[in-house]
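Peer 1: Model the following, please.
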Amino acid sequence: MYPGVAMEQATSQAVFYPLRRVRAVGRWMTTWTRRSLQRLTGWTSTDGWVRSESEQAHPYRPTSAARYRRWIESVWFVSALFFTLVALAVLFRSRQVSFLPSWAPANASEALGLAWQVQTSIAAIAFAGLALVIQLASNPPVAIRSSREVLYRETLFRSLLLFAGASNVTLGIIAIWLASDGGAIIGFLFCFVVTMLFIGLSYFRAAEHFLDERRAAVRALNLLQEKLSDGLYKLDVMARANTRLADLFPGDSLIRARSRASGSTDGIPLVIVGQSVRLEDVNYRLLQRIAAKHLHRMWLINFPAEATQEAPPKRVEGSLRDTAPAILLDSRINEVVPAGGHIFTLTASLEADDPRVRVLENDLRGCIRLRDGDEDDDERLRGELVTLKDSLLSTIAAGTTGSLRQGLDVYSELFNRILASTGRIQDPSILFSFSAYGPYWRWLQRDVREIAVSAIEVLGRRGLYVTVDHAYSLCKLAFKSGDYDALREFLGLYPAYLTEVLGQSSDDALAEYVAVSLQNLTQLFMRAEVRNDMQARRLVEEISAGVFAEMMRICVDTERSALFERLLAYFGVPSDLIGGFGAADRKASESKAAALLAVLAWTLYRAENLHASQQLEDIAAKLLRLIPAHLVWAAYVEVGEGVLGQGRPWSRWELQTKIPLQVHMMAFDSYLASAALMVAAAVGLVVPPGVPSADDASRAGSLLNAFELAGRLSRFVPSFTFQGERLEQQLKALVDQRRSAEKQAIRESAIESERVERFISALREAMDESSNRLSNTFSRNAPHEIPGDGTKLYLNTLVPREFFVSSERVLAEPEMLASNAAYGMIRGENKFIVRSLVDGLAWQDAGVAEIARRAEALKEEASGTLFLVVLNSWELADALGFFRGGVQMGQQQGMFVETDDGIGACVACDMNLVSPLLRSPQPLDGVGEWQFLRDHGVAAVVRDYSGESEEPVAQVVVGVALEWTERPEGVVGFRISDTVAS
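Peer 2: Take a look at the predicted model:
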């Protein structure tokens, strides 16, 4: 042990434990003082604290009323105020200051005592009266929050209690000990008069609450909105803080931030908590200093040979003992740490009870701020939203639509506050995520749906009108805010309400009210607003088409063919399918055509898999001839790959018919292709002009694969006969045209040097990794070409040109080709070597066991230089202790080789007697620029093929030359014979 480390351990053991309590008290006093100053002045020290720095960089600006309330309810503000009054009273008494002697009371002490008694009596009665008023308060029809809680806040009950209590104590102190003319004035004005005014203000605000119910509701809504904004702000601050921590402490640093759910438990846990807590903040500057001090000392112990380095090494892979010490932050900001959990983990080769570990843990406690894990502001907000929802459900049960409308307007205001707080515009192609809004959006959306469903069930037509109008206002709100994620979510209310209506009533008039509202919103309002914004118009059209597709799907599920035709009219079909001359008009037509194609596919899916009926037949027959021929191809493209395709509603339709928690084969894409084929057979198909793209050829291939299914589905529409011969020829011609174009492009493209290099590199790796190359055992690499008539082996093959030319259609990796080339070369070499070894060899026939016994005897005679080549027989290889791909049996070596004759045998070679085999790369004259792999004894070249070929190809040649210096000697051959007894 190093002397410095030993001294440190002794000092820690002697000093650390007695001082621990003192330091804990010091930390508590420091924290108490800091938080007291924060409450009193609003100042915070943010140096190094991640969350505090984020709050300072993006400060939250509460309303003026909230700031006013914070000051009034501050214990420190009131204490400072009355401490100042007492100090003034002391000054006035010591200096005998006199104000207006003729008006001053004859006895200041008696006057102050009387004022003190009167103030005490009035305050006691006032508090009792306010408490009774709050107790008797009843909730309004739409209870945004509990009326008692609202009244408690609006009457400033807490502030009044604090102020009156402090003023009473102050007035008593002045009356008993500090009576003077000046003390009488300040005591009367600030302690008596102000308290009476405060009491009067509280009763006035209580009267306002009872006399103006609307004003009380507005105040309650404002408080709830303020709490929502505060929650969203905290979410944003926590996200920024956690991102900053991840940037400061990446996964390869000595301090690493990670989530509790994803981290390993290896290491020494530090800062173990006794109860559930939340990690409120982390001081990264202090944490870096602590890590620099402690980890460097631990590193000197773990890596003494590297103690001369200036800084500890980065993390290295391996066991805990071989890993450089590191501190893991196992919790994220605002993450709950359960009782018994830990905040940090130390990875170091130390014991948990090592004094250095305890010192580190004690220092780490100063890097974090914790708060009670059970404190959850979101749960309190959720309770208020539950109160609002329950009051609306009670209103619905009472049958009052006015209160229902008023309550839903409250939800609109809350949604508006969320959208205004986030202020983001998302790409509509991204599926909606609640994480951007925290849990609040999910709560509100779920409550609105529950209230609407209840209203439709209980109130019928009246409830439907109110809820649909509210859905209209929510969509309008999201549209004007530019948040298309929210717009998609709100538009989803229309299909939900339609489902509920059709489940409750057979009257299509109620369902049509939903459709008319959606038409007014999408076709009249939103389309007019984005007429001059082509991108926004395209997005609106696509999102609207998805919602209408969902509503038509509901009509299919409930088999309402008459209502389905009415929906088509509201959807602008077939008039809008004609299309305009602008790009936006064409995209709108394509989106609607895609929605119709998806609904047709769903109709056919239900007819075949669930239930066929006359209603479904009528709907399918209607849809077959609605899409014009020039839109069929575009609709098929859009239905799977447009913006709708990424978040398309029909992607979920099939799952709704499946049993949960079971594996299913998804087949709806095949029904989409079949629907497109049936429409094309009915109205015709216009394919894209010019040379088809690779995607177009792929789509045509999907359509060709769906011909059989389309023919089977056509029987569900007796009025339609599927005749696809001409259509099949048209699609095949498109695929052939694309393939011809691709072939020509590949044929004309130059071989890519990057792919050639990948092939050569992979060939080298395959040769290195091969364990059954006999030439590695018998040969020595020749520095030059082999003189004389050596045996030249070549792998000369034509391969698809896509291996060396990038192609959109074919995935051909040069590495795969190199692996096959190496296998072919090694197989050819092995055949040559085995043929040379057994040429003229006198075979000894024996059974497997006898061959194994004789091989063992030869091994002893050869003194460990015997090499066995087992041919074709895995039984013999097992008897000799071989493994597939090579073996090492003590000093005895061997290899398994397969030959064409399939005869099981074993060739034993004494490597002291067998002559060396020369091996060198062997190019082929006039073929091209060869690359020599001298360490592996081969040469390789990739070049253009000049001959005739139907497919675009490239020529790959790999060459090697092999020559024995002398005829192999010291070789014994055993051949397996079943007739010879073992």
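
Peer 1: contacts, neighbours, all on C-alpha from now
Peer 2: Fine.

Peer 1: in the strand or helix carrying residue 856, what's buried?
Peer 2: Assessed by DSSP states H and E, residue 856 sits inside helix 848-862. Neighbour counts over helix 848-862 (16 or more other Cα atoms under 10 Å) mark 848-852, 855, 858-859, 862 as buried.

Peer 1: go on, stretch 544-559?
Peer 2: When burial is assessed from 16+ other Cα under 10 Å, stretch 544-559 yields the following buried residues: 544-556, 559.

Peer 1: Tell me which of those fall in helices.
Peer 2: Counting by DSSP state H, the buried residues of stretch 544-559 place 544-556 in helices.

Peer 1: any idea of the mean pLDDT in stretch 898-914?
Peer 2: Within the predicted structure, the mean pLDDT of stretch 898-914 is 88.

Peer 1: distance between the ends of it?
Peer 2: Its start and end residues considered, stretch 898-914 measures 21 Å (Cα to Cα, to the nearest Å).

Peer 1: What is the subsequent helix or strand relative to the longest strand along the chain?
Peer 2: When the chain is scanned for its longest strand (criterion: DSSP state E), the result is strand 953-964. Read in the C-terminal direction, the helix or strand following strand 953-964 is strand 971-976, with elements assigned using DSSP H and E.

Peer 1: Export that next one to CSV, keeping only CA atoms.
Peer 2: Taking Å, rounded to 0.1, in the frame of the first residue of the first chain, the C-alpha atoms of strand 971-976 are listed here in CSV:
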residue,chain,number,x,y,z
VAL,A,971,2.3,-40.7,-45.2
VAL,A,972,0.2,-43.6,-44.0
GLY,A,973,-3.4,-44.2,-45.1
PHE,A,974,-6.2,-45.9,-43.3
ARG,A,975,-9.5,-46.7,-45.1
ILE,A,976,-12.7,-47.6,-43.2
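
Peer 1: for that strand, the distance to its chain's centre please.
Peer 2: Averaging C-alpha positions (Cα atoms, centre = their mean, to the nearest Å) puts strand 971-976 64 Å from its chain's average.

Peer 1: In the sheet, which strands lie alongside that strand, parallel or antiparallel?
Peer 2: Neighbouring strands of strand 971-976 in its sheet, by DSSP bridges, are strand 843-846 (parallel), strand 905-910 (antiparallel).

Peer 1: and the first one, which residues are buried?
Peer 2: This means strand 843-846. By 16+ other Cα under 10 Å, the buried positions in strand 843-846 come out as 845-846.

Peer 1: just stretch 346-360 next, same as before
Peer 2: 346-350, 355-360.

Peer 1: next one: that stretch to chain centre, how far?
Peer 2: With Cα atoms, centre = their mean as the basis, the mean position of stretch 346-360 lies at 36 Å from the chain mean.

Peer 1: Over to stretch 107-121?
Peer 2: Centroid separation between stretch 107-121 and its chain, computed with Cα atoms, centre = their mean, is 68 Å.

Peer 1: could you give the mean pLDDT of it?
Peer 2: Stretch 107-121 comes out with an average pLDDT of 86.

Peer 1: next one: stretch 394-411
Peer 2: Predicted confidence along stretch 394-411 averages 88 (mean pLDDT).

Peer 1: Go ahead and produce PDB holding the CA coordinates of that stretch.
Peer 2: Taking only C-alpha atoms (Å, rounded to 0.1, in the frame of the first residue of the first chain), the coordinates of stretch 394-411 have been written out as PDB:
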ATOM      1  CA  SER A 394     -74.100  15.000 -12.300                       C
ATOM      2  CA  THR A 395     -75.300  17.800 -14.600                       C
ATOM      3  CA  ILE A 396     -76.000  15.300 -17.300                       C
ATOM      4  CA  ALA A 397     -78.000  13.100 -14.900                       C
ATOM      5  CA  ALA A 398     -80.000  16.300 -14.000                       C
ATOM      6  CA  GLY A 399     -80.700  16.900 -17.700                       C
ATOM      7  CA  THR A 400     -79.300  20.500 -17.800                       C
ATOM      8  CA  THR A 401     -77.600  21.100 -21.100                       C
ATOM      9  CA  GLY A 402     -76.600  24.700 -20.300                       C
ATOM     10  CA  SER A 403     -74.400  23.600 -17.400                       C
ATOM     11  CA  LEU A 404     -73.000  20.800 -19.600                       C
ATOM     12  CA  ARG A 405     -72.100  23.400 -22.300                       C
ATOM     13  CA  GLN A 406     -70.500  25.600 -19.700                       C
ATOM     14  CA  GLY A 407     -68.500  22.700 -18.300                       C
ATOM     15  CA  LEU A 408     -67.200  21.700 -21.700                       C
ATOM     16  CA  ASP A 409     -66.100  25.200 -22.400                       C
ATOM     17  CA  VAL A 410     -63.900  24.900 -19.300                       C
ATOM     18  CA  TYR A 411     -62.200  21.900 -21.000                       C
END
